[in-house]
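# Pasting the sequence and the predicted model now:
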Amino acid sequence: MTMKRLVDEDLTSRMIAFRRELHSFPELSLEEEQTSKKIASQLDELNIPYRTNVGGYGIVADLRSEVEGPTIALRADMDALPIEEETNLPYASTRKGIMHACGHDAHTAILLGAAELLQREKLNGHVRFIFQGAEELNLGAKAMIEAGVLDEVEEIYGLHNLPTLSAGKLATCTGSMMGSVDRIDIRIEGKGAHGAIPNEGVDPILCASAIVMALQSIVSRELSPFDPAVITIGSIKAGDANNVIPQYATLSGTVRTFNPLIQRTMQTRIERILKNTADSYRCSAKLTYTEQVPVLVNDEQSAFVVNEAIDNVIGSEHRIEAAPTLAGEDFSLYLEKIPGCFFWLGSGPMQRAHEAYGLHHPRFTLDESCLPIGAVVLAQIVKQRLGT
Ligand code: NI
């Protein structure tokens, strides 16, 4: 497949240049001020009106048609990660410890490309382009929705690049595609004592260890093997000295599920194990359970639209069924409000893509031939929905 066939060379090279510009100057979640300004100036050139500072540094641009019709939204995220880049690319990050390691630079360039393609069309309805920040903190979509970006929008579509899928391939599915993300913070209180005289204290570290082990029984013994879920304790903190039993231990972790009904049961299950395990070790434990993003569920009709768009412009031989993942994506918050579909855009090497460095890796790279593909598929989705 050639890029030229999809999008003219001029637009392709401008998309690549813009993506590289963002890549060189990445900005962390909630700090995307310059990125936002760069997007605004691109929209100025396209003569598409927009609002800035929506839900943080977000931008909402509206391509209005003279013909009345539904509004279809397309969304891209634009924040980078606190990762030190190790790619040695000529346009690698110039900011120490910050990197576009999830390809949100590409998503932004792709959405601007789609805007340019759609501006050339006569549409029977309107298109809203949502440039969202703070995806990596699961805060951006929530803030954008609260700012009203979905008002009057009928459907929403978005994509994420995937380096373990070859560029030129795309994947989506109906129903659940990505997991829910909840955060747990646990504080265990014992009683400090000399490390040599445990009987005078209550050991919160022993209790914390037992809780870490017991929590794993939820997934392995309480849930059906056909209901995927993960509980990961990613941080344990307690004590400062080798010979002291501390007063406190804290744990934090992430809880993932693939079914909204299961997600709703997790807090109660964790609380029960926490309380009873802490009791048996004479400690007290407090759980803070924070729901961050729901399961990402694609609407059936919208997924059909995406499939058709891919087949029409790229070819059905390049479309595969998306493999489920418990990684989360705050696009799911939009899908809780209105129908829509999220899909994977292959961004990996043509050969052995499964061995490519994954998202969030310091050596993550992206095959830029996916940029025009992403733009043309997003544009085609809108064209199909707005009848041209
Ligand atoms: Ni991402």
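That came through, no problem.

# remind me, longest strand of this structure?
Scanning the chain for the longest strand, with DSSP state E as the assignment, gives strand 153-166.

# pull the CA atoms of that one into CSV?
Listed in CSV are the C-alpha atoms of strand 153-166, where the atom choice follows Å, rounded to 0.1, in the frame of the first residue of the first chain:
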residue,chain,number,x,y,z
VAL,A,153,-22.9,15.4,19.3
GLU,A,154,-24.5,12.1,18.1
GLU,A,155,-21.5,9.9,17.8
ILE,A,156,-17.8,9.9,18.6
TYR,A,157,-14.8,8.1,17.0
GLY,A,158,-11.2,7.9,18.0
LEU,A,159,-8.1,5.9,17.4
HIS,A,160,-4.9,4.8,19.1
ASN,A,161,-1.7,3.8,17.4
LEU,A,162,-0.4,0.3,18.1
PRO,A,163,3.3,-0.5,17.6
THR,A,164,2.8,-4.2,17.9
LEU,A,165,0.5,-4.1,14.9
SER,A,166,2.1,-3.4,11.5
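
# Give me the most central residue, the protein.
Among the residues of the chain, the one closest to the centroid is E329, at 3.0 Å (CA atoms, centre = their mean).

# helices or strands up against the longest strand of the chain?
The criterion is 3 or more CB pairs under 8 Å, 6 or more residues apart in numbering; DSSP states H and E, and the helices and strands that strand 153-166 contacts are strand 71-77, helix 104-119, helix 300-313, helix 331-337, strand 340-348, helix 370-385. For the C-beta atoms, the positions are set from N, CA and C on the backbone; glycine is no exception.

# about what we covered before: in space, what's closest to the residue nearest to the centre of the chain - neighbours in sequence excluded?
By the measure of CB to CB, 6 or more residues apart in numbering, the closest residue to E329 outside its immediate chain neighbours is M178, 5.2 Å from it.

# same check, this time on R95
For R95, the closest residue by CB to CB, 6+ apart turns out to be P26, at 6.0 Å.

# how about that neighbour, what does it touch?
80-81, 93, 95, 98-100, 105 (CB atoms under 8 Å, 6 or more residues apart in numbering).

# Could you single out the nearest of these to E121?
Of all those, E121 sits closest to D105, with 25.7 Å by CB to CB.

# Give the buried residues for stretch 313-326.
Along stretch 313-326, the positions that meet the burial threshold by neighbour count (16 or more other CB atoms under 10 Å) are 313-314, 318-320, 322, 325-326.

# Actually, stretch 111-122.
Using 16+ other CB under 10 Å as the test for burial, stretch 111-122 gives 111-118.

# Stretch 338-356 now?
Under the neighbour-count criterion of 16+ other CB under 10 Å, stretch 338-356 has 339-349, 353, 356 buried.

# which one among these gets closest to E45?
Of all the buried residues of stretch 338-356, L345 has the smallest distance to E45: 24.3 Å, by CB to CB.
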